[in-house]
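Engineer: Output the structure for:
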Amino acid sequence: MADEDQKAFQERLDRIARLFTGIAVHAEASSRTRCPYRDRRDRCTALFRCRNQIVADAEGDLLTCGHDGNFDYRTAWESHPRARQRASAKISAIKEEAASRRREQAGEEPRA
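Structural biologist: Numbers count the residues shown, from 1 in each chain. Okay, the predicted model is just below:
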């Protein structure tokens with residue numbers, strides 16, 4: 001390859017590298033707040049359950065992404081989000097029952 005051709009080729013490669021660098025920097029910044037399964041119409045494309053999914057139609061087939069970008073979405077991925085909700089509710093009930101028993105033992109008035 002001639003020197004002129006090599007120089008032109010290198011300039012093209014450098015231009016392409018600058019373009020892709022900009023794309024990669026934007027994608028990395030976006031990945032910190034935007035769920036990768038959220039499409040441009042805010043629909044959820046994940047093939048698993050996520051606590052941020054919102055049912056958008058009567059049949060329950062269309063899911064939208066409900067997170068606002070102000071948290072780390074990666075903690076939202078769960079295989080059984082409803083099981084987590086049930087467990088959380090059960091734990092809260094157990095804590096309240098234990099607190100009630102402690103209040104009764106201490107002679108305090110029960111809370112409503």
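
Engineer: Run the chain-centre distance for stretch 20-29.
Structural biologist: Distance, stretch centre to chain centre, for stretch 20-29: 20 Å (CA atoms, centre = their mean, to the nearest Å).

Engineer: meant to ask about stretch 50-57, not that
Structural biologist: Averaging C-alpha positions (CA atoms, centre = their mean) puts stretch 50-57 12 Å from its chain's average.

Engineer: Now do the buried residues in it.
Structural biologist: By neighbour count on 16 or more other CB atoms under 10 Å, the buried set for stretch 50-57 is 50, 52-53. In this view, the C-beta of every residue, glycine as well, is placed from N, C-alpha and C.

Engineer: Quick check: end-to-end length of it?
Structural biologist: Stretch 50-57 has an end-to-end distance of 17 Å (CA to CA, to the nearest Å).

Engineer: returning to what we had before: can you add secondary structure and give the buried residues of stretch 50-57 back as TSV?
Structural biologist: Shown next, in TSV, are the buried residues of stretch 50-57 (DSSP: H, G, I helix; E, B strand; the rest coil):
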residue	secondary structure
50	strand
52	coil
53	strand
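
Engineer: and the residues you listed as TSV, adding distance to residue 68 and pLDDT?
Structural biologist: Below are the buried residues of stretch 50-57 laid out as TSV (distance: CB to CB, whole Å; pLDDT from 0 to 100):
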residue	distance to residue 68	pLDDT
50	14	81
52	9	83
53	14	86
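
Engineer: Among the residues you listed, which one sits closest to residue 30?
Structural biologist: Distance to residue 30 across these (CB to CB) is lowest for residue 52, with 16.4 Å.

Engineer: That closest one contacts residue 37, doesn't it?
Structural biologist: No - counting by CB atoms under 8 Å, residue 52 stays clear of residue 37, with 9.5 Å between them.
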